[in-house]
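Q: how does the following fold in three dimensions:
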Amino acid sequence: MNKIYLDSAATTALSEEVIDAMVDAMKTNFGNPSSTHSFGQEAKILIENVRRQIAEYLHVTPAEIIFTSCGTESNNMIIKSSVEHLGVERIISSPMEHKCVSESTLDMKNRKGVEVVYMRPNEKGDFDLGKFEEILKSSDKKTLVSLMHANNEIGNLYDIKKIAELCKENNALFHSDTVQTMAHMNLDFSEIPLDFASCSAHKFHGPKGIGFAFIRKSTGLKGIITGGPQERSLRAGTENVCGIVGLGKALELSLDHMDSYVNHIQGIKDYAIERLTAEIPGIKFNGRSAEKENSLYTLLSVLLPYKNPLISLQLDMKGIAISQGSACSSGAAKPSMVMMMILSDDEMDNCTPLRLSFSHMNTKAEIDTLVEALKEISADFVIEKTNVEHR
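A: Numbering: from 1, shown residues only. Modelled structure (predicted):
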């Protein structure tokens, strides 16, 4: 069976060039970067070269890039340290955030008494920035805003530049989970006045277990993992040298090929929308995922017109990997918070959400195979529904 992978929002396949770069680093640069001898300093140089590479991409200083294990660690560090060390007393966020943000925020509410205010989305998954500004101005408490750049389930892109400007005008700190957009878009943090952002390499064909946090130097954020001076004393522990090298190579490839990747992936997404609309009567698309404006080009959120909680398993048996939501919510008995926020009660009871996410490795032929598989599954539900109606 030729397997088809349509779950790149969860993780991406490693590029061969990335694997080669990591293997070379493991073979020849095994020294501890904190050691003063040549073995250690050669490893340190590799780390600092990648740090400068990231800083150039984001138009920030190298000192503002802190390597972590992933976006989840970065988000935890930023949110919890903002409360612990920067005196944050209020967090403005939304129910649409990744679980690592929502649970870190709730933890600060429960353990530290932080006030939490949630921005409620409309049925498209958008926020009212006028209402957001009202909330910002409604309290003198030191505030952290945590709103993602692109939603990881429905693909909505949010105007983080405008949000960052409103935060700056109202003396609030702004953190954005940029895991789904980092290395997929041109980002310039000299033009976007946010304070914190996060990244995971495995979202753009790099290795798992490595990411980074962008921490604006002026914030004075402190680390929460202690035990050594690594990463400007913001994240103690021996650095993951081969992982950092892999991140750097993956970022290099993504930036070098960004235009061609975007054109190819957008073409795959457009073709999927066209074929699904033509072949699956009653299909809908969630949020703004089927739009070219304000939507992440790598992701399409589908709503099938029947209830089938086993559909991901059925597709997997046909060799097609998809998701019904965030990877961190896989196996959950209840729907994701994102779907609960944007779908009607009738849609929640009678429809099935799917998340299709693409990379430059996907083909239109794979979309054809997916559509045929969904037609077979849909036909079974049409027959079952007809039989029920005739009883």
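
Q: tell me where this protein has strands.
A: Assigned by DSSP state E, the strands in the chain fall at 4-5, 65-68, 90-93, 115-118, 143-146, 173-177, 196-200, 211-215, 284-285, 299-304, 320-321, 352-357.

Q: which positions within the fifth one qualify as buried?
A: For strand 143-146, burial by neighbour count (16 or more other CB atoms under 10 Å) applies to 143, 144, 145, 146. (Each C-beta comes from the backbone N, C-alpha and C, glycine too.)

Q: ok, now stretch 27-47?
A: Buried, per 16+ other CB under 10 Å, within stretch 27-47: 29, 31, 33, 40, 42, 43, 44, 46, 47.

Q: mind checking how far the second one is from residue 44?
A: Distance of residue 31 to residue 44, computed by CB to CB, to the nearest Å: 8 Å.

Q: so where is the stretch 151-300 of the chain shaky, pLDDT-wise?
A: Under the criterion pLDDT under 70, no range of the stretch 151-300 of the chain is flagged.

Q: what's around residue 343, how many residues?
A: 18 (other CB atoms under 10 Å).

Q: quick one, what contacts it?
A: 286, 303, 335, 351, 353 (CB atoms under 8 Å, 6 or more residues apart in numbering).

Q: now do 7 Å
A: Listed by CB atoms under 7 Å, 6 or more residues apart in numbering, the contact set of residue 343 is empty.

Q: quick one, helices of the stretch 251-391 of the chain?
A: 258-279, 311-317, 337-342, 345-350, 364-390 (DSSP state H, counting those that start in this stretch).

Q: CSV please, covering those and showing mean neighbour count and distance to residue 106.
A: Formatted as CSV, those follow (neighbours: other CB atoms under 10 Å; distance: least, CB to CB, whole Å):
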stretch, mean neighbour count, distance to residue 106
helix 258-279, 17, 34
helix 311-317, 15, 27
helix 337-342, 21, 12
helix 345-350, 12, 23
helix 364-390, 14, 36
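
Q: before we move on, back to that, what's the closest of the buried residues of stretch 27-47 to residue 345?
A: Within the buried residues of stretch 27-47, proximity to residue 345 (CB to CB) peaks at residue 47, which comes in at 51.3 Å.

Q: does that closest one touch residue 240 like I think?
A: No: using CB atoms under 7 Å, residue 47 makes no contact with residue 240, being 9.2 Å away.

Q: closest one to residue 170 out of the buried residues of strand 143-146, please.
A: Distances from residue 170 to the buried residues of strand 143-146, taken as CB to CB, are shortest for residue 143 (7.7 Å).

Q: I'd assumed residue 90 was in contact with that closest one.
A: Yes: with contacts counted by CB under 7 Å, residue 143 reaches residue 90, the gap being 4.6 Å.

Q: got a list of what the nearest residue to residue 283 once chain neighbours are set aside touches?
A: Nearest non-adjacent residue to residue 283, counting by CB to CB, 6 or more residues apart in numbering: residue 276, 5.5 Å away. The contact partners of residue 276, taken as CB under 7 Å, 6+ apart, are 283, 302, 371.

Q: identify, from those, the entry nearest to residue 291.
A: Looking across the contacts of residue 276 and measuring by CB to CB, the closest to residue 291 is residue 302, at 14.0 Å.

Q: measure the closest one to residue 374 for me?
A: 9 Å.

Q: check residue 326 and give its pLDDT.
A: Note on residue 326: pLDDT of 57.

Q: again, but for residue 150
A: 98.

Q: got it, and residue 350?
A: pLDDT for residue 350: 94.

Q: right, and it touches residue 307 too?
A: Yes: counting by CB under 7 Å, residue 307 is a contact partner of residue 350 at 5.5 Å.

Q: what sits against residue 77?
A: 68, 213, 223, 224.

Q: quick revisit: TSV for the strands of the chain, including distance to residue 56?
A: Shown next, in TSV, are the strands of the chain (distance: least, CB to CB, whole Å):
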stretch	distance to residue 56
strand 4-5	31
strand 65-68	10
strand 90-93	30
strand 115-118	36
strand 143-146	26
strand 173-177	20
strand 196-200	15
strand 211-215	13
strand 284-285	36
strand 299-304	27
strand 320-321	34
strand 352-357	28
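
Q: among those strands, which is nearest residue 244?
A: strand 65-68 (5.8 Å).

Q: what's the closest one packed up against?
A: helix 38-58, strand 211-215 (3 or more CB pairs under 7 Å, 6 or more residues apart in numbering; DSSP states H and E).

Q: put together CSV for these, with distance to residue 314 on each row.
A: Below are the helices and strands packed on strand 65-68 laid out as CSV (distance: least, CB to CB, whole Å):
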stretch, distance to residue 314
helix 38-58, 40
strand 211-215, 33
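
Q: for residue 7, find the nearest of the ones you listed.
A: Here strand 211-215 is closest among those (CB to CB), at 18.8 Å.

Q: just the angle for that closest one relative to strand 196-200, thanks.
A: On the basis of axes from the mean of the first three to the mean of the last three CA atoms, to 10 degrees, strand 211-215 is oriented at 170 degrees to strand 196-200.

Q: which elements pack onto strand 211-215?
A: Counting contacts by 3+ CB pairs under 7 Å, 6+ apart, strand 211-215 packs against strand 65-68, helix 71-86, strand 196-200.

Q: now, of these, which is deepest in the fold?
A: Counting by mean count of other CB atoms under 10 Å, strand 196-200 has the highest mean neighbour count of the helices and strands packed on strand 211-215, with a mean of 29.

Q: what sits up against that one?
A: 70-71, 74-75, 78, 175-179, 182, 211-216.

Q: skipping adjacent residues, who's closest to residue 159 in space?
A: Nearest non-adjacent residue to residue 159 (CB to CB, 6+ apart): residue 129, at 7.3 Å.

Q: my guess is that neighbour meets residue 164, correct?
A: No: using CB under 7 Å, residue 129 makes no contact with residue 164, being 11.6 Å away.

Q: between the two, which is the more surrounded one?
A: The residue with more neighbours, out of residue 129 and residue 164, is residue 164; 21 against 14, by other CB under 10 Å.
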